[in-house]
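Undergrad: My questions are about this predicted structure, shown below with the sequence.
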Amino acid sequence: MLVRFNFLSQALMQQTNVTMILPSWTLFDAPNGKAESYVPGSKFQVLYLFHGGTGDDSDYLNFSNILRYADEHKIAVVMPAGYNSCYVNQPDNTLPWPAKYWDYIFYELPKVCTSMFPISDRRADTFVGGLSMGSMAATKWAIYGADKCAAALIMSGGGMDVTNIMSVVSQSAGNDGRTDFTVDAALLESLGVKFADPNDDLFITAKKNAMEGKALPKLYMTCGGNDFIRYFAFGTRDLLTEYGYDVDYDEVPGYAHEWDFWDYALKKALNEKLPIRNDIILP
């Protein structure tokens, strides 16, 4: 079941669109041992899924098979519009009002969805995911929301800094927008580019979570073997592994920064990697 809704966000101070998938009955439910689809009081596990740069809430629906995957696995998928915000809050002095995209996806959106739709708010039932710019949001969600997120799908990225990403992209001059160019990592590091900065608040918080013995979400990181952005994935993977996170890193040869890869990654994550129950949560 495809749900598209629009509401006035307090965090953004504007109307905003959300695309949501709520699993419904399919012909294959009974043969696959699925529970009855329409039992009052039932709920779904949920994947909050964040798009990449230049996109909006329709991206995954337009360019992947996420609708079919959600029905197969009986998991709700919530896809907000983040545009080119990097899912960060605008400064407080922004006029007429600051659009606080981080507050929107981290606080407000889950509250709206779990109160208005049959979506579980339990940590064990909550997952986050994102690609490229959206991987930044998913990584932040998993670290700052370790107490309310069981696992994260981090595609083509990680805990990245936009300025550093653009420094890498600048090396692609003459490549006509291709994302499979060779990166001179040593040169960039000598120029001060950090693929993952342990002094960033994100990684400081990640380390603190581990040292305090908090329950840490499982992290499934994946990247195309030809994608320039994999160097940022390496940095995030290595730091979080060092801190004690369960990081499953999967690099797939032959793919770059592209939808064929992200669709493949979504299918694999839902089939094999995320700890989902693959059924409705009955009351």
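TA: Perfect, I can see it now.
Undergrad: Tell me which residues touch Val34, please.
TA: No, residue 34 isn't Val; it's Lys. Residues in contact with Lys34 (C-beta atoms under 8 Å, 6 or more residues apart in numbering) are 28, 74, 279-280. C-betas here are computed from N, CA, C, even on glycine.
Undergrad: no, scratch that, I was asking about Gly224
TA: Taking C-beta under 8 Å, 6+ apart, we find Gly224 in contact with 156, 180, 230, 251-252, 254-258, 261.
Undergrad: try Met79
TA: Listed by C-beta under 8 Å, 6+ apart, the contact partners of Met79 are 18-21, 49-51, 57-61, 66.
Undergrad: element containing it?
TA: Taking DSSP states H and E as the definition, Met79 sits inside strand 75-80.
Undergrad: what's the following helix or strand after that strand?
TA: Sequence-wise, the next helix or strand downstream of strand 75-80 (DSSP H and E) is helix 101-103.
Undergrad: that older thread, pick the one among the contacts of Met79 closest to Gly134.
TA: Phe50 (3.3 Å; C-beta to C-beta).
Undergrad: hey, where'd the strands end up in the stretch 101-250 of the chain?
TA: For the stretch 101-250 of the chain, the strands defined by DSSP state E, counting those that start in this stretch occupy 126-131, 151-155, 218-224, 247-252.
Undergrad: Show me which positions of stretch 54-70 end up buried.
TA: Buried residues in stretch 54-70, counted by 16 or more other C-beta atoms under 10 Å: 55-57, 59-61, 64, 66-67, 69-70.
Undergrad: now for the residues you listed, which pair is the farthest apart?
TA: Greatest spatial distance among these (C-beta to C-beta): Asp56 and Tyr69, at 19.8 Å.
Undergrad: returning to that earlier point: show me which of the contacts of Met79 is closest to Pro275.
TA: Leu49 (16.4 Å).
Undergrad: hang on, the earlier thing: tell me the mean pLDDT for the strand holding Met79?
TA: Computed over strand 75-80, the mean pLDDT rounds to 98.
Undergrad: distance from the centroid: which residue in the chain tops it?
TA: Pro31 (31.4 Å; C-alpha atoms, centre = their mean).
Undergrad: Just confirm that residue is within a strand.
TA: No. Checked against DSSP: H, G, I helix; E, B strand; the rest coil, Pro31 lies outside a strand; its state is coil.
Undergrad: and the gap between it and Gly82?
TA: From Pro31 over to Gly82 the distance is 38 Å, taken as C-beta to C-beta, to the nearest Å.
Undergrad: what do you get for Asn278?
TA: Distance, Asn278 to Gly82, using C-beta to C-beta: 28 Å.
Undergrad: With neighbour numbers in mind, choose between the two.
TA: Neighbour comparison, Asn278 and Gly82: the larger count goes to Gly82, with 25 against 15 (by other C-beta atoms under 10 Å).
Undergrad: tell me the phi and psi of that one?
TA: Main-chain torsions, Gly82, degrees, to the nearest 10: phi -110, psi -10.
Undergrad: Please tell me how far it sits from Ala138.
TA: Taking C-beta to C-beta as the measure, Gly82 falls 11 Å from Ala138.
Undergrad: shared neighbours, these two?
TA: Phe50.
Undergrad: Count the residues that sit near the residue nearest to Gln90 when sequence neighbours are not counted.
TA: Distances taken as C-beta to C-beta, 6 or more residues apart in numbering place Pro98 nearest to Gln90, at 4.0 Å, with adjacent residues excluded. Applying other C-beta under 10 Å, we find 16 residues neighbouring Pro98.
Undergrad: With Tyr38 instead?
TA: The number of residues near Tyr38, taken as other C-beta under 10 Å, comes to 8.
Undergrad: hang on, the earlier thing: who does the strand holding Met79 pair up with?
TA: strand 14-21 (antiparallel), strand 45-50 (parallel) (DSSP bridges).
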